[in-house]
Structure formats: C-alpha cells, structure tokens
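A.B. asks: Could you look at this predicted model? Sequence included:
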Amino acid sequence: MLNIGILGCGKISQVRHIPEYIANENANLVGLFDLDAQRCAEIAAKYGVKAYVSAQELLDDPAIDAVSVCVANFAHADLTIQALKAGKHVLCEKPMAITLEECESMLAEAEKAGKRLLIGQNQRLAKAHEKARELVAAGEIGKVITFRTTFGHAGPETWSITPGKNTWFFDKKRAAMGAMADLGIHKTDMLRYILGQDIVRTTARLLTLDKRGADDQLIGVDDNAICIYETSGGAFGTMTASWTYYGREDNSTALYGTKGIMRIYDDPAHSIVVIPREGEVKYYDLEKIQTNDDQTASGVIDEFVEAIAQDRPSMLDATDVIKSMKAVFASIRSSEERRPVDVAL
C-alpha cells in the first residue's frame, strides 16, 4: 500500500488525482496541502484525510511514501525537488517545469535520492494512442512521411479552479507559458510516443491573438502555438495548440504514410480510421478521448502506483518526457528568434 500526499488542490487534483487515488486499491490518500487553506480543509474533510498547514509539513510526514505535485507551473521544479529530497516518489503534472535547467535538476535529484519521478503525460495512456503506436510499429501505414496533430479548445478560463480572466494560466509569472505548455506539450509528447521517434528540429510561432485578462489587455502568455516538427525518422509535420477554438474541442492527429493514412480521434464515430493505399478502410472503436467537459479516468495514477509497486520502468518516466520538453523549449526559442532550431537530445 502506497501512502499518498497531494500538493495543490486545484482542478486537476480534484477531477483526476484525488478520485483516482481513492479508486486505486493499492493507494492510500493520507492528506493534502493547498495555499488556499479553506479550500484544502473543505476537500480534506470531504475525503476524510488530513489538511496539512504547509507543503513542508506534508513532506516531513514519514507516513507519506509518494506525492502528486499539482500546482502552478512555476512551482513544479521547486516542490518536486523538495519532495525528492524528503525521500518521496513524485508524480508531477505537466509541463515538467518551466526551463530545461529546472527539468534537468529534477532528474538529477531523483537519481540522487533513488526515487521515481513520473510526469502526467496522460495522452500516452489514451487507448487509441496506444493502439496507434502498435499499428505504426507494425508498419500498418508504412513509413510515416508527414503528420498533423492538433489540440485546441476555448481556453482554461472555464477549466481552472479560479475560472474567468483572473485564472493563473494567464499569469506569465505563474504559468510562464500558455497554450504551448498547457496543450502543446501533450501533442508533442504524444507524437514522440506514437511514432517512436524524437523531434529533432522545430520551426515555431507562439502567438497571443485573442485572449484578454481582467484588464482587457492581451494576456502575457501565448494563446496559440504552431510548430513545424522534423523527426529523427525523417517525418515532417505540424503541431498546433490553441486556446481559441470556440466550438467543439479538437484533439486529433493524422499520420500520412507510404502505405496509407491513419486518423486518430479525428472521426466522431471511430477512435482510429486507417485508410490504406490499397484495400478496405479499417475502423478501430476504442474509448473516446477525454475533454474538459467529459472527464474519464486518466490511467496516470494507476500507472504511477503500479510502476512503484512493481519496481518497473514506466512510459511516464521523466527521463523520457524531458525529450518532449526539449522540443517545447526549442520551439519557444524558435519563435523568439524567428528561425528553425535544432532540438539538442
């Protein structure tokens, strides 16, 4: 049985981490901490767990074996490193951190402490993405030549625990990055996972086109990111992340290979559609992709608990996810410098 503490009681904690730990028979949720003491106390009372008065008090509790870090982006590295130094395994929400140096420090501390560090890249666990990876590896559409992947919705102001224009997602100091960190990291990481290839070069633009804060000024982080990625296997394509899709959420991917086309979460009726160069179209009906309005179990908590209990490698290990973060940071640099940037792996 793994005893769990959670740092941060925001929306991601409330809709995923807390209920999924409660549902896992090998996990025991011990307690929570949040800067909003009232919120923390209310949620702790709801689940019959302890409300800690500080992050340090939670981390100092010898009864806790592992923690989830569910706070604003800027605090991911600091709290993760504190937790690792306290001898806890860590599941950190995405994005891993706000600089490459922070990501590397987190990895170094995990190795020094001999503890596990996983990152909540839940799209790797989506059933259609797992199946797509299997089909690509089996050569179902031949060699992937080009691709396009998109993750867009109407923005975090309806998702955040503090909805509206004052959401921390719009605050440059707390979020550091906008749509690229919120959505772009998911699709960048998913591409690497499905293709079994790394992103080696990026040409990107991160833009603030529409979102405005409480002062009616454009927010300080990007609300759209468009990247042209080149992969280690020679594939070439686009990744789009957007907070300005004011309609149905789009979380789709299309892969164009030498033997056909694969569409993933692109057809409302089918999870995967494979359109071969020759022969009949194949349909794979798996679970639907999660949306902000339709949350289902992510599988991330189960993977974290099981990887520790079984002492096995995990697809969510930070040692691999950092390669996706490198593509994100290279894209930011590409946008700032208005030129293609190689991703140093």
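C.D. replies: Looks like it arrived, so ask away.

A.B. asks: Mind listing residues that contact the longest helix along the chain?
C.D. replies: Among the segments of the chain that qualify as a helix by DSSP state H, the longest is helix 318-337. Defining contact as C-beta atoms under 8 Å, 6 or more residues apart in numbering, one finds that helix 318-337 is touched by 92, 94-97, 99-100, 103-104, 106-107, 110, 117-119, 121, 177, 180-181, 184-185, 188-189, 192, 198-199, 202-206, 225, 227, 229, 340-345. For glycine as for every other residue, the C-beta is placed from the backbone atoms N, C-alpha and C.

A.B. asks: Quick one: mean pLDDT over the next helix or strand along the chain from it.
C.D. replies: Toward the C-terminal end, the helix or strand that comes next after helix 318-337 (DSSP states H and E) is strand 341-342. Per-residue pLDDT values across strand 341-342 average out to 98.

A.B. asks: list the helices and strands strand 341-342 packs on?
C.D. replies: Where contact means 3 or more C-beta pairs under 8 Å, 6 or more residues apart in numbering; DSSP states H and E, strand 341-342 is packed against strand 199-207, helix 318-337.

A.B. asks: could I get those as a markdown table with distance to Pro19 and mean pLDDT?
C.D. replies: Supplementary listing: the helices and strands packed on strand 341-342 in a markdown table, determined by distance: least, C-beta to C-beta, whole Å; pLDDT from 0 to 100:
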| stretch | distance to Pro19 | mean pLDDT |
| --- | --- | --- |
| strand 199-207 | 33 | 98 |
| helix 318-337 | 23 | 98 |
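
A.B. asks: so which of the ones you listed comes closest to Ile22?
C.D. replies: The closest of those to Ile22 is helix 318-337. By C-beta to C-beta, the value is 24.9 Å.

A.B. asks: Could I get the full set of helices for the stretch 201-345 of the chain?
C.D. replies: Listed in chain order, the helices of the stretch 201-345 of the chain (DSSP state H, counting those that start in this stretch) span 300-309, 318-337.

A.B. asks: Those helices: which one's closest to Gly237?
C.D. replies: Ranking those by their distance to Gly237 (criterion: C-beta to C-beta) puts helix 318-337 first, at 12.8 Å.

A.B. asks: that older thread, buried members of the contacts of helix 318-337 into ChimeraX, please.
C.D. replies: To isolate the buried subset of these in ChimeraX, counting by 16 or more other C-beta atoms under 10 Å, use the following:
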select :92,94,95,96,97,100,103,106,107,110,117,118,119,121,177,180,181,184,185,188,189,192,198,199,202,203,204,206,225,227,229,341,343
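
A.B. asks: Now tabulate the helices and strands packed on strand 341-342 in CSV and tack on distance to Pro268.
C.D. replies: Compiled in CSV, those are given as follows (distance: least, C-beta to C-beta, whole Å):
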stretch, distance to Pro268
strand 199-207, 29
helix 318-337, 28
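
A.B. asks: Out of those, which gets nearest to Tyr245?
C.D. replies: That would be strand 199-207 among the helices and strands packed on strand 341-342, by C-beta to C-beta, at 14.3 Å.

A.B. asks: The closest one pairs with which strands, and in what direction?
C.D. replies: The partner list of strand 199-207 in its sheet, established with DSSP bridges, is strand 224-231 (antiparallel), strand 341-342 (antiparallel).
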